[in-house]
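J.: Return a 3D structure for these sequence lines:
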Amino acid sequence: QVQLVESGGGLVQPGGSLRLSCTASGFALRSSSIGWFRQAPGKEREGVSCSNGGDWITYYEDSVKARFTISRDNAKNTLYLQMNSLRPEDTAVYYCATDLKPFCGEIKTIPTYSYRGQGTQVTVSS
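T.: Residues are numbered from 1 along each chain as shown. Just a heads-up that it's a prediction; the model follows:
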């Protein structure tokens, strides 16, 4: 049974940092692509970042490039999203998601992946 559990959200001031974690179980994380998407109040879900299985090449949505870093620890079955230089517009519920496929599709497709966690709230405000 595939299970994804996010943690690490919270309230942070603009310019601050947070690291989100996603603990995965029920599938082979090492060989699976996995990513993050977010949903802000009143807005559509938005793909943020993705990591390929196997070669672990990473992809980012343009607005988070150079600020966010996706990484994984396959031994711990955990995916991370390091978020730096946070902005108020980054405020959203963040979800990790996987389709159990080896390679990421387009970033915009991450919200359509078959499996996702319950989400963790990130609020950027002074």
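J.: For beta bridges, what are the partners of the residue nearest the centre of the chain?
T.: By Cα atoms, centre = their mean, the chain has its centre lying nearest to Trp36, at 2.3 Å. Trp36 forms beta bridges with Ser49, Cys96, as assigned by DSSP bridges.
J.: Check Tyr115 too.
T.: Beta-bridge partners recorded for Tyr115 (DSSP bridges): Thr98.
J.: tally of neighbours for it?
T.: As a burial measure, Tyr115 scores 18 neighbours (other Cβ atoms under 10 Å). All C-beta spots, glycine's among them, are computed from the backbone N, C-alpha and C.
J.: Leu20 is in contact with the residue nearest to the centre of the chain, correct?
T.: Yes. In this structure, Trp36 is within contact of Leu20 by Cβ atoms under 8 Å, at 7.3 Å.
J.: list residues touching both of those two?
T.: Here Trp36 and Leu20 share the contacting residues Leu81, Tyr94, Cys96, scored by Cβ atoms under 8 Å, 6 or more residues apart in numbering.
J.: right, and out of the residues you listed, which lies closest to Gly26?
T.: Cys96 (13.4 Å; Cβ to Cβ).
J.: Which pLDDT value goes with the closest one?
T.: pLDDT recorded at Cys96 is 98.
J.: Can you give me the separation between it and Gln13?
T.: Distance, Cys96 to Gln13, using Cβ to Cβ, to the nearest Å: 24 Å.
J.: ok, these two, which is more surrounded?
T.: It is Cys96, of Cys96 and Gln13, that has more neighbours when counted by other Cβ under 10 Å, with 31 against 10.
J.: Kindly provide the distance from that one to Arg87.
T.: Note on Cys96: its distance to Arg87, by Cβ to Cβ, is 21 Å.
J.: OK, contacts around Cys104?
T.: Counted by Cβ under 8 Å, 6+ apart, Cys104 has contacts Ser33, Gly35, Cys50, Ser51, Asn52, Ile57, Tyr59, Ile110.
J.: I'd say the last one and Arg38 touch.
T.: Translated: Ile110. No. The pair Ile110 / Arg38 is not scored as a contact, 9.6 Å apart, by Cβ under 8 Å.
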